[in-house]
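Peer 1: Okay, sequence plus prediction incoming.
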Amino acid sequence: MSEPVANQPSSTQAAAQHRRWPVFLVLLIVSVLGFVASFVLSIESLQLAKNPDAALACNLNATVNCATVAKHPSASLLGFPNSFIGIAAEAVMITIALLGLFGGRLPKKFTLLMAIGVTAGWLFALWLFIISAFVIGALCPWCLVITSTMTIMWVMTLRLASIDQALPLPKKIQQVLVQKIVKPGLDIVVLVALLTTLAAIIIVKYGDALFR
């Protein structure tokens with residue numbers, strides 16, 4: 001005998017799951033990249049702690065220079081390298097992404113808290129990028145990886161929160177977000193625009209100094 005219709009997923013739920021899976025896949029990829037970048041930055045921070053004059057592999061020139069960025073106070077706001085926080089946060093996101101890929105369903109409140117946390121992390125990464133580009137006057141390749149992956153993670157997390165209707169908005173508005181923004185991929189357009197803006201800032205400010 002076939003199962004009762006009530007136990008079968010509705011077409012709406014199936015469609016939501018279909019849209020959810022690629023989000024978790026992207027979250028897994030960017031979380032792994034962010035974890036690797038944070039891990040490398042942590043190792044380099046320990047190297048600089050032992051020897052402030054250590055020659056790091058990503059010290060390419062005066063502009064692209066990890067050591068210059070790592071020695072600035074903004075790189076250790078809590079008294080230890082920011083990358084230590086990155087390792088822990090990225091590990092959590094990897095776990096969540098794997099859970100989602102294997103069919104796990106996150107509670108709406110958890111998805112909302114995750115979106116808030118990722119938003120805070122993205123704003124922090126963006127602030128560090130601004131400090132690096134306009135105050136320190138040098139760029140760290142691994143830091144740029146984190147800024148880029150956090151930007152992708154932020155948009156994907158908001159996409160997930162919209163699909164799951166976890167945002168603190170009226171249900172009708174959340175449905176409009178899915179129909180008018182998520183389905184047509186307008187949030188992806190915003191993501192591309194954000195990444196393009198970051199790249200444009202770097203190119204316009206530093207130009208050929210990136211390669212000299």
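Peer 2: Sure, I can see it. Residues are numbered from 1 along each chain as shown.
Peer 1: What sits closest to the residue nearest the centre of the chain if chain neighbours are left out?
Peer 2: Relative to the mean C-alpha position of the chain, the nearest C-alpha, by CA atoms, centre = their mean, is the one of residue 150, at 1.8 Å. Excluding its sequence neighbours, the residue lying closest to residue 150 (CB to CB, 6 or more residues apart in numbering) is residue 125, at 4.2 Å. Where you see a C-beta, it was placed from the backbone N, CA and C, and this is true even at glycine.
Peer 1: try residue 85
Peer 2: Closest to residue 85 by CB to CB, 6+ apart is residue 78, at 7.6 Å.
Peer 1: ditto for residue 190
Peer 2: residue 155 (6.5 Å).
Peer 1: thought the one you found was touching residue 194?
Peer 2: Yes: between residue 155 and residue 194 a contact is recorded at 7.5 Å, counting by CB atoms under 8 Å.
Peer 1: Now do the strands in the protein.
Peer 2: Counting by DSSP state E, one finds no strands in the chain.
Peer 1: just to revisit the earlier point, residues near the residue nearest to residue 190, how many?
Peer 2: 22 (other CB atoms under 10 Å).
Peer 1: Can you list the low-confidence ranges for the chain?
Peer 2: 1-18 (pLDDT under 70).
Peer 1: how many other residues sit next to the residue nearest to residue 150?
Peer 2: 23.
Peer 1: Distance check, it against residue 163.
Peer 2: Plainly put, residue 125 is 24 Å away from residue 163 if you go by CB to CB, to the nearest Å.
Peer 1: for residue 73, same thing?
Peer 2: 40 Å.
Peer 1: How about residue 26?
Peer 2: 13 Å.
Peer 1: Tell me the residues that contact both of those two, please.
Peer 2: Overlap of the contact sets of residue 26 and residue 163 (by CB atoms under 8 Å, 6 or more residues apart in numbering) is empty.
Peer 1: what distance separates stretch 124-132 from the centre of its chain?
Peer 2: 13 Å (CA atoms, centre = their mean, to the nearest Å).
Peer 1: no no, stretch 45-57
Peer 2: When C-alpha coordinates are averaged (CA atoms, centre = their mean), stretch 45-57 and its chain have centres 27 Å apart.
Peer 1: before we move on, what about stretch 21-29?
Peer 2: Remark: stretch 21-29 is offset 12 Å from the chain centroid, using CA atoms, centre = their mean.
Peer 1: could I get that stretch in PDB with only the CA atoms?
Peer 2: Extracted in PDB, the C-alpha atoms of stretch 21-29 (Å, rounded to 0.1, in the frame of the first residue of the first chain):
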ATOM      1  CA  TRP A  21      20.600  22.000  -1.700                       C
ATOM      2  CA  PRO A  22      22.700  24.300  -4.000                       C
ATOM      3  CA  VAL A  23      22.900  26.900  -1.200                       C
ATOM      4  CA  PHE A  24      24.400  24.300   1.200                       C
ATOM      5  CA  LEU A  25      26.800  23.200  -1.400                       C
ATOM      6  CA  VAL A  26      28.100  26.800  -2.000                       C
ATOM      7  CA  LEU A  27      28.200  27.300   1.800                       C
ATOM      8  CA  LEU A  28      30.400  24.200   2.100                       C
ATOM      9  CA  ILE A  29      32.800  25.300  -0.600                       C
END
